[in-house]
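>>> Sequence first, then the predicted structure:
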Amino acid sequence: MLAQYPPALQRHLREIAAALGEVVRPTALLLLGSAARGELSYLRHPDGRLELFSDYEFLAVFPSYPTRFQRRAIQTLAEQWQERIANPNPLFHIDIITRGRRHLAAMPPLIFTFESKQNGLPLHGEDVRPQIPDVTLQNLDFRNTHEILYKRLWAILLHLPKRFVLGQASEAERRVAGYVLCRNALDLTTVLLPHEGILLPTYRQRVEYLTDHYPDLELSKTFGPDLPGFLQRCLARRRDLDFSGVNLHELYATVTDSLRQALQMLLPTADPVVQALPHHSRRIFNEWPISRGEWLNLVRLLISIAQHQGLAQARRWLRTPKKGWLTVGLLAMHESLLAWFAGRPVRATEWLERSQE
């Protein structure tokens, strides 16, 4: 898989793996994410420079949970390599996830686990993929999969360049904005195809399947005839990073509306998303933690609320579904940006008021 990338990128990955192997001595190191899928996004400039739009993601496995020294060493190494690569793109970073070997078998049935097993590339030590549990349509955590939708809404807000929002974007900033929109749109297939009985590990495979079988898919009734072509264009633009002639405001409107339509599909009612989602949050999303780290964060937040607002308020906060409200808030923020781009009055508060009807 690495052979398809330019030599400089191959060298990055192999040298980072070697440095990790020497400094922290993991049992195994897997390359994850777009680089492992063969879908790394990068731009070759006329002067030969390579600009990375995708992350480098690794899973480092240790005999037991990594020590504090090992975690610090990993963080330091990632920071040093980011400086050494000196990639100018604000989207690029090096992410190194750690696991104890005995925890591999307990990885929950998430899309992350599925892709780690299917796509992970061993770069150092043992091949631990057989120890990662199988994830199938029968055991996939669908609620966690649905959460990808609000994470995409959040990622778009987080990564759209400020100057793009202000209408002052350079060519490079337009390219970043276009990539952000297309990359996040592609996860529509990640969320929706399992509801059609299809679980595939790469964007290319998902888009190809959706295109080839679209008339037979239930989701075609919601999205209409244009979705396959739209996703094909997003896949192509994510690869070639050519956004010349693309109306990015229209692309933004299409992406955010498609994410809203996907949320509508998941609801058991035809009521608008803004009204229905907070009331069906527990049905759509995981409102309780699914990992040790999430439980610890929940306990810390609960203690903090109890200390500052009292025990009764802490109990109320604990019982209240949150992710539906979070998603409605994100949709309202996108609605405000779309209104800003179109020169319409910004009425985000009206969206939030409608959600309480």
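Sure thing, it's come through.
>>> which residues of this protein score low on pLDDT?
Scanning the chain for pLDDT under 70 picks out the ranges 348-357.
>>> okay, now the domains of it?
Using automatic domain parsing, the domain parsing of the chain gives 2-131, 142-269.
>>> Please tabulate the ones you listed in a markdown table, including the columns mean neighbour count and distance to S304.
Bear in mind the C-beta positions are built from the backbone N, C-alpha and C, glycine included. Listed next are the domains of the chain as a markdown table, based on neighbours: other CB atoms under 10 Å; distance: least, CB to CB, whole Å:
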| stretch | mean neighbour count | distance to S304 |
| --- | --- | --- |
| domain 2-131 | 17 | 24 |
| domain 142-269 | 17 | 22 |
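>>> would you list the ones you listed in JSON lines and tack on distance to R292?
Output for the domains of the chain, formatted as JSON lines (distance: least, CB to CB, whole Å):
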{"stretch": "domain 2-131", "distance to R292": "9"}
{"stretch": "domain 142-269", "distance to R292": "15"}
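>>> So which of those is nearest I290?
Closest approach to I290 among the domains of the chain is made by domain 2-131 (5.6 Å; CB to CB).
>>> mind checking how far that closest one is from the chain centre?
With CA atoms, centre = their mean, to the nearest Å as the basis, domain 2-131 stands 16 Å off its chain's centre.
>>> Quick check, L13 in contact with P6.
No. Using CB atoms under 8 Å, L13 and P6 do not qualify as a contacting pair, with a distance of 11.3 Å.
>>> how about the helices in the stretch 1-150 of the chain?
Applying DSSP state H, counting those that start in this stretch to the stretch 1-150 of the chain gives helices spanning 7-23, 33-37, 68-85, 111-119, 142-159.
>>> Pipe those helices into CSV and attach distance to L231 per row.
Putting the helices of the stretch 1-150 of the chain into CSV (distance: least, CB to CB, whole Å) gives the following:
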stretch, distance to L231
helix 7-23, 26
helix 33-37, 16
helix 68-85, 30
helix 111-119, 17
helix 142-159, 13
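>>> Please name the nearest non-neighbouring residue to T269.
Spatial nearest neighbour of T269, excluding adjacent residues (CB to CB, 6 or more residues apart in numbering): A276 at 5.1 Å.
>>> quick check, that neighbour in a helix?
Yes. Counting by DSSP: H, G, I helix; E, B strand; the rest coil, A276 is part of a helix.
>>> quick one: the strands in this structure?
In the chain, the strands defined using DSSP state E lie at 28-32, 42-44, 50-52, 56-62, 94-100, 121-125.
>>> What strands line up against the fourth one, and which way round?
Okay, so that is strand 56-62. strand 28-32 (antiparallel), strand 94-100 (parallel) (DSSP bridges).
>>> try the third one
The sheet places strand 50-52 alongside strand 42-44 (antiparallel), with pairing taken from DSSP bridges.
>>> residues contacting F114?
Contact partners of F114, counting by CB atoms under 8 Å, 6 or more residues apart in numbering, are 135, 140, 199, 201.
>>> again, only using 7 Å
Counting by CB atoms under 7 Å, 6 or more residues apart in numbering, F114 touches 135, 199, 201.
>>> wait, doesn't the last one sit right on G120?
No. Checked against CB atoms under 7 Å, the pair P201 and G120 is beyond contact range at 10.0 Å.
>>> circling back to that earlier point, and the strands of the chain: which comes nearest F341?
For F341, the closest of the strands of the chain is strand 42-44, at 25.5 Å, according to CB to CB.
>>> can you list contacts of the closest one?
Contact partners of strand 42-44, identified using CB under 7 Å, 6+ apart, comprise 9, 50-53, 241.
>>> from the residues you listed, which single one is nearest Q75?
Taking CB to CB as the measure, L52 is the one of those closest to Q75, at 19.7 Å.
>>> Let me see the ranges of the helices in the stretch 151-300 of the chain.
Taking DSSP H, counting those that start in this stretch as the criterion, the stretch 151-300 of the chain contains helices spanning 162-165, 171-185, 187-192, 203-213, 220-223, 227-240, 248-266, 273-276, 281-284, 292-309.
>>> so which of the ones you listed comes closest to I94?
Minimum separation from I94 across the helices of the stretch 151-300 of the chain (CB to CB) falls at helix 171-185, 17.7 Å.
>>> Could you dump the helices of the stretch 151-300 of the chain into TSV and include distance to E39?
Compiled in TSV, the helices of the stretch 151-300 of the chain are given as follows (distance: least, CB to CB, whole Å):
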stretch	distance to E39
helix 162-165	24
helix 171-185	10
helix 187-192	13
helix 203-213	6
helix 220-223	23
helix 227-240	8
helix 248-266	18
helix 273-276	30
helix 281-284	28
helix 292-309	28
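>>> can you tell which of the ones you listed is closest to Q75?
Set against Q75 and scored by CB to CB, the helices of the stretch 151-300 of the chain come closest in helix 292-309, at 16.2 Å.
>>> buried sites along that closest one?
Residues of helix 292-309 classed as buried: 305-306 (neighbour count, 16 or more other CB atoms under 10 Å).
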